[in-house]
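Chemist: sequence first, then the predicted structure, then my questions.
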Amino acid sequence: MRNRDPATYSAISVTLRTSGMAMAVSLLLGLPLGYLLGYFDFRFKKQIRIVVDTLLSLPTVFIGLVIYALLTRNGPLGEAGLLFTIPGIAVGQAILALPIVIALTATAVEASDRNLRITLMSLGANRFQIAKSTLWEVRLGLLAAAVTATGRVLTEVGISLMVGGNIKWHTRTITTAIALETNKGEFGMGIALGLVLLLIALTVNISLTGLRRRI
Amino acid sequence: MDIYQIKDIDHYYGDKQVLSIEDISIQAASIVGLIGPNGSGKSTLLKLLGFLEEPTYGAILFKGKKVAFFSDEVRFRVTLLTQAPYLMRRSVFDNVVYGLKIRKDTKDLRSRVGRALDLVGLDPENFAKRKWYELSGGEAQRVALAARLVLKPEVLLLDEPTASVDADSARLIRKASLQAREEWGATLVVATHDWQWLYETCDSVMHLLHGRLFKNGLGSAVYGPWKFGAEGFLHKEFDDGQVLVVPTPEEGKKLAILDPSRMKISLPGKDPLLKWKIDTLNGFVTRLFLERNGEMVQVDIKVVELVITMRLALDKVEEFKLYPGKKVSIAYDPRDIEWF
Amino acid sequence: MGNKAAMKKTVFILVCLTTVLHGSIFFSGKFVHAAETGGELLMATTTSTDNTGLLDYLMPSFTAKTGIGVRWIAAGTGKALKLGENCDVDILLVHAPQAEIDFVDQGFGVDRQQIMYNDFVLIGPTEDPAKIRGKGISPALQAIKSSNTVFVSRGDNSGTNKKERLLWKLADMPIPEQETWYRQSGQGMLPTINVAAELKGYTMADRGTYIKYESIAEGKPALVILVESDDVLLNQYSIIPINLQHCANVKYDKAQVLSSWMAGDEAQRLIGEFKLLGKQLFTPNANRE
């Protein structure tokens, strides 16, 4: 059943593309922002931290609704033509993942040894090198951030549904497909798709565990 | 040449003053020891000398020039070794080579790292590949030192380098640091309790207490309780009835410091000076120690609960026939006693 | 201290990076949009229509004939209409006549065309606890009320839901809002049927979705048709291109092509031939008024 169905492959492809884009953007932005938040002391640090932590609890349907409002034809970003497309979904998912990456990176950096900073400075590192080396030192914490964010992005429905439109062959992800099949009463298909998603998650985690051992 | 000139620094953490040091210079290629109890500000002073923090008020001149916090000029020349052995999460080789890579100084890396490890008594064949968690505390501290020595820094700041390590490592660390001075004239500033450093290695020793520096040694810090004495003076009564006379302090000053260099030692009943009205304390010798220069002797004299360390010329010690247990008198002028 | 200056610089660089990144997403969006969807029509339809599988069956013929690809989004009637109003789609295929007329009156859509119809049926458990089999609509609803049997409503303001509420009115009964036996699922037709099946209750469904439900249940459904063929149970489907005056970006020409095709002989024939379990789901009725 699921092994041969081209619609399933399409859903898998869409899921991987949206999550991939979303994770790339959120890591690219989130790691440095998280470093800044964790490393420096500045005036509104505590307040910003509270805001970031609260954003961790954003419901995906809410994000989906907000993004829809932004991307709709008459909305502020309507001209970009991103509604009901894969990049559009990726934008929403990136917003979902970003607070996770920032918060967990900041925590990892804050938890790093005080002596690290002194050591790096003593060996002559400049500010940029300190940032790079600190992030490398806390790499296991960063990995945890990436894993957590990826899990959230792979499994969300609200954003994919509202922003993507669940269009067959184009923006139907594994999760929106599950929602659709379940709504139709095709529970068997829903569960089969769920297992596929689980398999993907398992593969990702096995490779990340292998990575963790090596670094 | 003075490698460091400290000009009147006052350093605060928040509202709390942690250092207050007037004018001090440190000579290039000298070995300076830093003694003081925990919390006296040793680590802070080292951080300031390493330009890892900026003094709240005042300045530290490096080779005669004013230097900004974290500036390029000193970043490659001054290095600090922390008290707790700390390595980055990578192999020994990568730890040692880090500073060189930062400076883009990448020639002959293997042999230079090998030499640095040899210097601290670690066999490169055996140790270079090890990971940070495969080392004992002493080995880790030695690797940390090697990482700094490989850079041939002009100044090496050591914060209790032998405190958390085994005896063998302590010895090797001391040996390597001395070698640094021999080879390229490094200046060493060492905060330590270790007597082998202080008495056998250091050229001079600075005493730090409550963030203040006492160039000539700590002498003795005397704490209360105090009783009122004659006009303008306070008394401290010791258990055996002896009395220490000090001038009344200004508002806010809490610590009375005796300066042994201003005191005179004499044998009880023998010195004619006693006839004059100068205050004396009686005690006995507990320890004699010959300094590295072979000319001065440190004499510890116990006066009830105080231990006063005086430095006497060797011939004076011979003259007085001092030995541990001998009863002596110390004459002092109360006006020489300072309050802090 | 020097820390603050460096931090400001880093933040500035990050802001630049973000702008560059978003810019590139925009452009990739345009590129993707153009590449993938350049010629394609975007249609909004209802979940019940989509769930029957009619569009999967019908649209390929349209694309083969005209070369125009069609993508569609299935949502509740209300949302489908909203998507049209917001200019996010090019054409609508819905079945809520009064709402559609309002839609056109407000200038959002033009050239509304009737395409096909089916009817609504009352379905319930084979045991028929309220004994409504064979009755007319109004007596059936009254029987359900007096026997206190569960009735599941869409409760989502869809075309189907509006029709259901009309039936209560026609039976001279108030909408059973607060009654315990009246359950509002707030969902699409198939989920609502499933809820009714679980609760062993009654519901009103369109025949197309019921047949689909039957085929999913492989011919052995828990709920069967008990009341049908009343004139008032008509379910009319229409196609509405979005008004070019209202939305400058819609593919109006292509939408008209689709609309004409759907009303044309080939499509009408195909619609009549669409069967599940050997039963016809829709009766084509374009141009027959």
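Modeler: Structure received.
Chemist: list the contacts for residue B:291?
Modeler: Residue B:291 makes contacts with B:199, B:297, B:298, B:311, as judged by CB atoms under 8 Å, 6 or more residues apart in numbering or on different chains. Bear in mind the C-beta positions are built from the backbone N, C-alpha and C, glycine included.
Chemist: distance of it from residue C:177?
Modeler: 100 Å (CB to CB, to the nearest Å).
Chemist: repeat for residue C:107
Modeler: 33 Å.
Chemist: can you list the low-confidence ranges for chain B?
Modeler: B:215-219, B:269-278 (pLDDT under 70).
Chemist: residues from it in reach of chain C?
Modeler: With CB under 8 Å from any CB of the partner chain as the criterion, chain B meets chain C at residues B:54, B:68, B:69, B:70.
Chemist: take these and, keeping just the buried ones, write it as a ChimeraX select command.
Modeler: Buried members of those, defined by 16 or more other CB atoms under 10 Å in any protein chain shown, are picked up in ChimeraX with:
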select /B:54,70
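Chemist: take the residues of chain B next to chain C and write them to a markdown table, including secondary structure.
Modeler: Shown next, in a markdown table, are those (DSSP: H, G, I helix; E, B strand; the rest coil):
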| residue | secondary structure |
| --- | --- |
| B:54 | coil |
| B:68 | coil |
| B:69 | coil |
| B:70 | coil |
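Chemist: got CSV for the residues of chain B next to chain C, with distance to chain A too?
Modeler: Formatted as CSV, those follow (distance: CB to the nearest CB, whole Å):
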residue, distance to chain A
B:54, 13
B:68, 13
B:69, 10
B:70, 7
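Chemist: low-confidence stretches in the chain?
Modeler: This is for chain A. Using pLDDT under 70, chain A drops low at A:1-4.
Chemist: my bad, chain C
Modeler: C:1-38, C:288-289.
Chemist: per the record, what domains does it have?
Modeler: C:39-117+C:235-284, C:119-233 (automatic domain parsing).
Chemist: adding mean neighbour count, write the ones you listed out as CSV.
Modeler: Formatted as CSV, the domains of chain C follow (neighbours: other CB atoms under 10 Å in any protein chain shown):
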stretch, mean neighbour count
domain C:39-117+C:235-284, 19
domain C:119-233, 19
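Chemist: of all those domains, which one comes closest to chain A?
Modeler: domain C:39-117+C:235-284 (3.8 Å; CB to the nearest CB).
Chemist: still on that earlier bit, and the contacts of residue B:291, which is closest to chain C?
Modeler: Nearest to chain C among the contacts of residue B:291, with distances taken as CB to the nearest CB, is residue B:199, at 39.2 Å.
Chemist: quick check, the closest one in a helix?
Modeler: Yes: applying three-state DSSP, one finds residue B:199 inside a helix.
Chemist: is it true that it touches residue B:289?
Modeler: Yes: using CB atoms under 8 Å, residue B:199 makes contact with residue B:289 at a distance of 6.5 Å.
Chemist: what's the helix or strand for residue A:197?
Modeler: Using DSSP states H and E, residue A:197 sits within helix A:187-214.
Chemist: swap that for residue C:99, sorry
Modeler: helix C:97-105.
Chemist: I'd like the distance from that helix to the chain centre, please.
Modeler: 15 Å (CA atoms, centre = their mean, to the nearest Å).
Chemist: after it comes which helix or strand?
Modeler: strand C:113-125.
Chemist: does that next one come close to chain A?
Modeler: No: judged by CB under 8 Å from any CB, strand C:113-125 makes no contact with chain A; its nearest approach is 13.9 Å.
Chemist: which residues are in contact with the helix or strand following that strand?
Modeler: Toward the C-terminal end, the helix or strand that comes next after strand C:113-125 (DSSP H and E) is helix C:137-147. The contact list for helix C:137-147 (CB under 8 Å, 6+ apart) reads C:122, C:129-132, C:135, C:151, C:167-168, C:170-173, C:176, C:179, C:181, C:202, C:226-227, C:230, C:232-233.
Chemist: may I ask you to name the longest helix in chain A?
Modeler: Secondary structure of chain A per DSSP state H: the longest helix is helix A:6-39.
Chemist: buried ones in the helix or strand following that one?
Modeler: For helix A:6-39, the succeeding helix or strand toward the C-terminus, using DSSP H and E, is helix A:45-55. Buried residues in helix A:45-55, counted by 16+ other CB under 10 Å: A:49, A:52, A:55.
Chemist: could I get those residues in CSV, plus columns for distance to residue C:44?
Modeler: Formatted as CSV, the buried residues of helix A:45-55 follow (distance: CB to CB, whole Å):
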residue, distance to residue C:44
A:49, 42
A:52, 37
A:55, 31
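Chemist: would you turn the residues you listed into a markdown table with distance to chain C?
Modeler: Formatted as a markdown table, the buried residues of helix A:45-55 follow (distance: CB to the nearest CB, whole Å):
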| residue | distance to chain C |
| --- | --- |
| A:49 | 16 |
| A:52 | 15 |
| A:55 | 16 |
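Chemist: closest to chain B out of those residues?
Modeler: Nearest to chain B among the buried residues of helix A:45-55: residue A:49, at 20.8 Å, using CB to the nearest CB.
Chemist: who's in contact with the closest one?
Modeler: A:37, A:103, A:106.
Chemist: most neighbours among the residues you listed, which one?
Modeler: residue A:106 (25 neighbours; other CB atoms under 10 Å in any protein chain shown).
Chemist: how many residues are close by the residue nearest to that residue when sequence neighbours are not counted?
Modeler: Spatial nearest neighbour of residue A:106, excluding adjacent residues (CB to CB, 6 or more residues apart in numbering or on different chains): residue A:38 at 3.6 Å. By other CB under 10 Å, 24 other residues sit near residue A:38.
Chemist: you'd agree residue A:38 is up against residue A:102?
Modeler: No: between residue A:38 and residue A:102 there is no contact, the gap being 9.1 Å when judged by CB under 8 Å.
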